[in-house]
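> Have a look at this prediction, sequence included:
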Amino acid sequence: MATNDPNEVPGGGEDPRLASLSDRLKAAHHTEKQRTTPAGANAAFTGKGASQGNRVLSTLIGAPLGAMLIGWLIDRWLGSAPKAMLVMLFLGIISAFVQIWRISQEPTE
């Protein structure tokens, strides 16, 4: 650079304006990253895919067990053990698979 250049720092050191600009850019990038990152993005098992997986698991467990419990109660009331319980168990399994099929039709992330 020429000796009369206004952008030249006397003594050949780093321009404090550039250092300040660099610090401000780093801070702005950090702030923007925090602003645009979804809440809980760093935690494991987040997002729509994990949510769908949890729904499938709870449906596979809950529907047959709930239906079987209702069938058992009907059997106790009517004295027809284990016919109603088995029928309700199979209906619960069928309803679980139907619900899983509906969950699988939803779009993922």
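Happy to help now that I have it.

> where do the helices sit along this structure?
16-36, 48-78, 83-105 (DSSP state H).

> a markdown table please, covering these and showing mean pLDDT and mean neighbour count.
In short, each C-beta sits where N, CA and C put it, glycine included. Rendered in a markdown table, the data for these read as follows (pLDDT from 0 to 100; neighbours: other CB atoms under 10 Å):
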| stretch | mean pLDDT | mean neighbour count |
| --- | --- | --- |
| helix 16-36 | 85 | 10 |
| helix 48-78 | 93 | 15 |
| helix 83-105 | 95 | 15 |
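
> So what does residue 79 look like in phi/psi?
Main-chain dihedrals, residue 79, degrees, to the nearest 10: phi 70, psi 30.

> Near it, how many residues? Count them for me, please.
Burial of residue 79, expressed as a neighbour count using other CB atoms under 10 Å, amounts to 6.

> could you list every residue that touches residue 84?
Applying CB atoms under 8 Å, 6 or more residues apart in numbering, we find residue 84 in contact with 71, 72, 74, 75, 78.

> Could you check how far the first one is from residue 24?
In this structure, residue 71 and residue 24 are 68 Å apart, going by CB to CB, to the nearest Å.

> And for the fourth one?
Using CB to CB, we find residue 75 at a distance of 74 Å from residue 24.

> returning to what we had before: closest to residue 90 among the contacts of residue 84?
Of all the contacts of residue 84, residue 71 has the smallest distance to residue 90: 9.4 Å, by CB to CB.

> Skip the chain neighbours and tell me the closest residue to residue 96.
Distances taken as CB to CB, 6 or more residues apart in numbering put residue 63 closest to residue 96, at 3.8 Å, once the chain neighbours are dropped.

> Confirm for me that that neighbour is in contact with residue 99.
Yes: under the criterion of CB atoms under 8 Å, residue 63 makes contact with residue 99 at 6.7 Å.
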